[in-house]
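# build me a model:
(2 chains)
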Amino acid sequence: MTDEDRHIDARLVALFTAPELTPDETFVARVERVLLAERKIARARQAAWRRFGVESLASASIVTTFYLLWRLSPELALDTMPIAPAAAAVLVLFLWFGVELRPAARS
Amino acid sequence: MDQDDELARRAAAGDAAAFTALVRRHEGAVRRFLGRLVRGDGADDLAQDVFVKAWRCAGDWRGEGSYRGWLLRIAWTVFLGSHRVKGRQARRDQMAFEQASAGSSDPGTTIDLSRALAMLDQRERAAALLCFGEGYSHSEAAQIMEIPLGTLKTIVARARTALAAHLEMGS
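Below you'll find the model as predicted:
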């Protein structure tokens, strides 16, 4: 770097350097609001995933239970139940979803 | 910068108040940098994105270098990822120019810094702002812009030549 470059650099630094201003509270408040919304969304998303996980597990448990019952004694199931156990499991799931998704349950 | 370290550690642990303090400490530099990069158009929106991203990635900060440098690296990334620059070259950021002029130690020099910056491409502008405006060394600026040191030096040299020519600083 030549002396002339250093001289130019010094002048550019003098031109570019801006004084530190006091914080712009309007902007700070704006970022705070966005971050608050961000945290709320993150919490809601986390809760939704947790609920989805629990309900998926419960659904899988019900289906597995009926499947195992059917595997253990298919004849008995056919004799005593008007519908197949797997179909019964699906009906139970529909009932469950119906209860869960009704407007009152969601509010 | 020790205060930044402490605040950044608390922010990484989820302390929103600590992060707000960091926003308060560095919003001026981030907005000034972005304002000069985009020449004012949408700079505050980009700065907001920078702080949201910084909050999301608060745990990624390792304490290497300054927190402001880390924020400016995010700002550069956000700037590159935005498409707001396109088609808006005509608009000028008078505020950035006034701030820059206010910091000038050479009030007799009547120059259009904003216009001079507009002559540079994005990388030259960013490098000039970091090295001349924010006082970062070449190596720090290279880290912020995530480019090799040699490349940064070449870019700064080009920017220096272009600015000097435009601002008639030569010998």
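
# in chain A, which residue sits closest to chain B?
Proximity of chain A to chain B (Cβ to the nearest Cβ) peaks at A:Phe16, 3.6 Å away. C-beta: built from backbone N, CA, C; applies to glycine.

# which residues does the closest residue to B:Leu149 other than its chain neighbours contact?
For B:Leu149, ignoring the flanking residues on the chain, the nearest one in space by Cβ to Cβ, 6 or more residues apart in numbering or on different chains is B:Ala142 at 4.6 Å. Residues counted as contacts of B:Ala142 (Cβ atoms under 8 Å, 6 or more residues apart in numbering or on different chains) are B:148-149, B:151-152.

# if I look at B:Ala142, how far off is chain A?
16 Å (Cβ to the nearest Cβ, to the nearest Å).

# the most centrally placed residue in chain B: which element?
Among the residues of chain B, the one closest to the centroid is B:Phe33, at 3.0 Å (Cα atoms, centre = their mean). Remark: B:Phe33 resides in helix B:16-38, with elements defined by DSSP states H and E.

# immediately after that helix, which helix or strand?
Downstream of helix B:16-38, the first helix or strand assigned by DSSP H and E is helix B:43-56.

# ends of stretch B:35-44, what's the gap?
From its first residue to its last, stretch B:35-44 covers 8 Å (Cα to Cα, to the nearest Å).

# tell me the contacts of the residue lying closest to the residue of chain A closest to chain B once chain neighbours are set aside?
Ranked by Cβ to Cβ, 6+ apart and with sequence neighbours excluded, the top spatial neighbour of A:Phe16 is B:Gly133, at 3.6 Å. By Cβ under 8 Å, 6+ apart, the residues touching B:Gly133 are A:13, A:16-18, B:32-33, B:36, B:100.

# tell me how far B:Gly133 lies from A:Ala14.
Separation of B:Gly133 from A:Ala14 (Cβ to Cβ, to the nearest Å): 11 Å.

# joint contacts of the two?
Common neighbours of B:Gly133 and A:Ala14 (Cβ under 8 Å, 6+ apart) do not exist.

# check which helix or strand covers A:Ala14.
Using DSSP H and E, A:Ala14 maps to helix A:3-16.

# so what does the stretch of helix or strand B:Glu124 belongs to touch, helix or strand wise?
For B:Glu124, the element it lies in under DSSP H and E is helix B:122-128. For helix B:122-128, the packing partners by 3 or more Cβ pairs under 8 Å, 6 or more residues apart in numbering or on different chains; DSSP states H and E come out as helix B:16-38, helix B:67-81, helix B:138-145, helix B:149-166.

# of all residues in chain A, which one is nearest the centre?
Closest to where the C-alpha atoms of chain A average out (Cα atoms, centre = their mean) is A:Arg45, at 3.0 Å.

# quick check, the helix or strand just after the helix holding A:Ala14 touching chain B?
Helices and strands here follow DSSP H and E; after helix A:3-16, the next one along the chain is helix A:25-72. Yes. On the criterion Cβ under 8 Å from any Cβ of the partner chain, helix A:25-72 is in touch with chain B at A:27-28, A:30-32, A:34-36, A:38-39.

# can those go into CSV with extra columns for pLDDT?
CSV is the format used below for the residues of helix A:25-72 next to chain B (pLDDT from 0 to 100):
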residue, pLDDT
A:Phe27, 92
A:Val28, 93
A:Arg30, 94
A:Val31, 94
A:Glu32, 94
A:Val34, 93
A:Leu35, 92
A:Leu36, 93
A:Glu38, 89
A:Arg39, 89
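
# give me the buried entries from the residues you listed.
Buried by 16 or more other Cβ atoms under 10 Å in any protein chain shown: A:27-28, A:30-32, A:35, out of those.

# where does chain B have low pLDDT?
Residues of chain B meeting the criterion pLDDT under 70: B:1, B:40, B:83-112, B:169-171.

# give me the residue from it nearest chain A.
Relative to chain A, the nearest point of chain B is B:Gly133 (3.6 Å; Cβ to the nearest Cβ).

# does chain A sit close to stretch B:52-67?
Yes. Applying Cβ under 8 Å from any Cβ, one finds that stretch B:52-67 is in contact with chain A at B:52, B:55-56.

# top of these by neighbour count?
Counting neighbours by other Cβ atoms under 10 Å in any protein chain shown, the top entry in the residues of stretch B:52-67 next to chain A is B:Trp55, with 21 neighbours.
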